[in-house]
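sequence unavailable; structure follows:
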Ligand SMILES: CC(C)=CCC/C(C)=C/CC/C(C)=C/CC/C(C)=C/[C@@H]1[C@@H](COP(=O)(O)OP(=O)(O)O)[C@]1(C)CC/C=C(\C)CC/C=C(\C)CCC=C(C)C
Ligand SMILES: [Mn+2]
């Protein structure tokens, strides 16, 4: 992959970068047949989509196909199709490129340290190569999210997202536009990372532009996959699977997907009030109706017994996704487990905080205090070494 370091300045005409505030800050295996797992609403999938010609498939089934494809790619690599070593050799022969490349990765690390301090700390145990690659992926995700969530979000059009996607294709083909892209270009050449989850994340951003209500959990699940489940699928090929793991690749990817879904559901539950003030309701409309609630109750923002009961159910489902995710962490390369446990523990505690706020997610932001955040790091470290059960046993002793 020569040429990865020569990013071209003639990117998409609309400078998507300038719309992404942080971009130039500078500182900134149980073989399983498909089995729909965590379903709350068990009725037939209401996800019929606009594409009526397609047979009715639930979002979970559609997403599981992506999971299988990603898992197959990793297997291909382990059969020796493309090895990290081959690429290292290419770069080690050109010192200047290596210097530039390192600078590009350093910039990614800086962004990561600025935007996600705890996560950045958590990456410190990973091998230098993997850590840098995770930073590069993080930065691309952050920039993509900033397109629709950042200060210039109101100017973002579907065309801008199309350009961002074209640029992504260029990055995957070794034609990066800037330093951050260059790091990602190198990462995707080195690890068996597929473009599909990246494209899907952009699809999630498109969804955010056009959709502000979700009829049922099936629709919400798809959205959560797009904007967060994809992160799990992008990260596993870099974090690596433990050589001693007996689990199927599919089951590990499934756990990674579950962690993304759990995180996003948690985000949604935390931000109910904030989202409502932007005219958005991510909670499934049919479940709200079943609980005797409507958008108006959300806009009114009063914590009632109906609301508490509804929220308990939503929190329970998010926790089930976290539980599903936990099963996969022990299968990752040992050095990669720590940041994953750290992020899992931190996010799951947001759910505890919503409960502690007596389910007032209209005007009180659930958060994890500094002390608890800091404590999560050694706890995550302990779990990543000993496993959750063994750690609990040790603590109880
Ligand atoms: C080790 C580790 C945690 C790696 C992931 C690193 C990475 C590439 C993170 C990217 C995160 C990102 C910027 C995503 C863009 C879309 C987005 C913002 C999603 C939400 C994240 C939370 O961010 P924040 O609180 O800042 O949200 P606001 O924008 O402020 O609303 C998400 C909720 C999703 C994040 C999803 C993950 C971190 C999934 C992680 C899953 C894995 C790493 C797989 C682990 C593997 C197994 C086997 C369990
Ligand atoms: Mn966001």
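That came through fine. Being a predicted model, the structure only gives us computed values, none of them experimental. Ligands and ions are numbered 1, 2, ... in the order given.

number of residues surrounding residue 300?
If you count neighbours by other CB atoms under 10 Å, residue 300 ends up with 11. Bear in mind the C-beta positions are built from the backbone N, C-alpha and C, glycine included.

cool, the one 3 residues further on as well?
Other residues within reach of residue 303, judged by other CB under 10 Å, total 16.

can you classify it as helix, strand or coil?
coil (DSSP: H, G, I helix; E, B strand; the rest coil).

and the strand of greatest length in the chain, how far from the chain's centre?
Ranked by number of residues, the top strand in the chain under DSSP state E is strand 281-284. Remark: strand 281-284 is offset 19 Å from the chain centroid, using CA atoms, centre = their mean, to the nearest Å.

again with stretch 277-296
The mean C-alpha position of stretch 277-296 is separated from the chain mean by 24 Å, CA atoms, centre = their mean.

what residues of it count as buried?
280, 281, 282, 283, 284, 285, 286, 287, 288, 291, 293 (16 or more other CB atoms under 10 Å).

how about stretch 146-165?
Under the neighbour-count criterion of 16+ other CB under 10 Å, stretch 146-165 has 146, 147, 148, 150, 153, 156, 160, 161, 163, 164, 165 buried.

mind giving me the packing neighbours of the helix or strand where residue 297 lies?
According to DSSP states H and E, residue 297 maps onto helix 295-300. Counting contacts by 3 or more CB pairs under 8 Å, 6 or more residues apart in numbering; DSSP states H and E, helix 295-300 packs against helix 272-277, strand 281-284, helix 285-290.

if you set the cut-off to 10 Å instead, what comes out?
Under the contact criterion of 3 or more CB pairs under 10 Å, 6 or more residues apart in numbering; DSSP states H and E, helix 295-300 touches helix 272-277, strand 281-284, helix 285-290, helix 305-329.

which residues does it contact?
If you take CB atoms under 10 Å, 6 or more residues apart in numbering as the criterion, helix 295-300 is touched by 212-213, 272-273, 275-277, 279-281, 283, 285, 288, 291, 294, 304, 306-307, 310, 361-362.

per-residue confidence for residue 105?
For residue 105, the pLDDT comes out at 96.

shift numbering so it begins at 22
All right, first residue 22 from here; so that's residue 126.

so what's residue 153 up against?
So residue 153 contacts 122-123, 125-127, 129-130, 144, 147, 204, 207-208, 211, 259 (CB under 10 Å, 6+ apart).

buried ones among these?
Buried among these by 16+ other CB under 10 Å: 122, 125, 126, 129, 130, 144, 147, 204, 207, 208, 211, 259.

ok, the last one to residue 157 distance?
If I follow you right, that is residue 259. Taking CB to CB, to the nearest Å as the measure, residue 259 falls 9 Å from residue 157.
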